[in-house]
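Colleague: I would like the atomic coordinates for the input below:
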Amino acid sequence: MELVRVTRENIETEHICCAIANNKDIQVMSKKCWLKERIEQAQNVPTPFTTFSLFYQGEFVTHEILSEKKFEKILISKGL
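Modeller: Got it, this is the predicted structure:
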C-alpha cells in the first residue's frame, strides 16, 4: 500500500474517499473543498486518528468507534 500526503496542491487529483470511486461526485467534491480550507489544521492534530479520536481533558483516550457500552466504560474509568 502506498501512503500519499494530501496537500492543497494535489488534493484535486488524489482519491480521498474509499466508498466513492468518482472524483467528480458532488460528495467528494464538497469534501475536497472543505478539506482544502483546513489542510494545515488537519496536518497538525495531535493524533493520526482524527475521525474517531476521543480526548478527555486534553489527553488522547482512544481512536475506536465507541459503542454505548464502551463509552460508558470510559466514563466510569474517568470517574464520571
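Colleague: Relative to residue 24, how far out is residue 11?
Modeller: Going from residue 11 to residue 24 by CB to CB, to the nearest Å gives 14 Å. Backbone N, C-alpha and C define where each C-beta goes, glycine included.
Colleague: Comparing these two, which residue is more hemmed in?
Modeller: Legend: neighbour count by other CB atoms under 10 Å for residue 11 and residue 24, higher for residue 11 (15 against 7).
Colleague: Dump the strand or helix carrying residue 41 to PDB, keeping only the CA atoms.
Modeller: Using DSSP states H and E, residue 41 sits in helix 26-42. C-alpha atoms of helix 26-42 as PDB (Å, rounded to 0.1, in the frame of the first residue of the first chain):
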ATOM      1  CA  ILE A  26     -20.700  16.000  -5.500                       C
ATOM      2  CA  GLN A  27     -19.900  14.500  -2.100                       C
ATOM      3  CA  VAL A  28     -16.200  14.000  -3.000                       C
ATOM      4  CA  MET A  29     -16.000  17.500  -4.500                       C
ATOM      5  CA  SER A  30     -17.600  19.100  -1.400                       C
ATOM      6  CA  LYS A  31     -15.300  17.100   1.000                       C
ATOM      7  CA  LYS A  32     -12.300  18.200  -1.000                       C
ATOM      8  CA  CYS A  33     -13.400  21.900  -0.800                       C
ATOM      9  CA  TRP A  34     -13.900  21.500   2.900                       C
ATOM     10  CA  LEU A  35     -10.500  19.800   3.400                       C
ATOM     11  CA  LYS A  36      -8.700  22.300   1.300                       C
ATOM     12  CA  GLU A  37      -9.700  25.100   3.700                       C
ATOM     13  CA  ARG A  38      -8.500  23.000   6.700                       C
ATOM     14  CA  ILE A  39      -5.500  21.100   5.400                       C
ATOM     15  CA  GLU A  40      -2.900  22.800   7.600                       C
ATOM     16  CA  GLN A  41      -5.000  22.400  10.700                       C
ATOM     17  CA  ALA A  42      -5.600  18.700   9.900                       C
END
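Colleague: how about it: buried residues?
Modeller: By neighbour count on 16 or more other CB atoms under 10 Å, the buried set for helix 26-42 is 28, 32.
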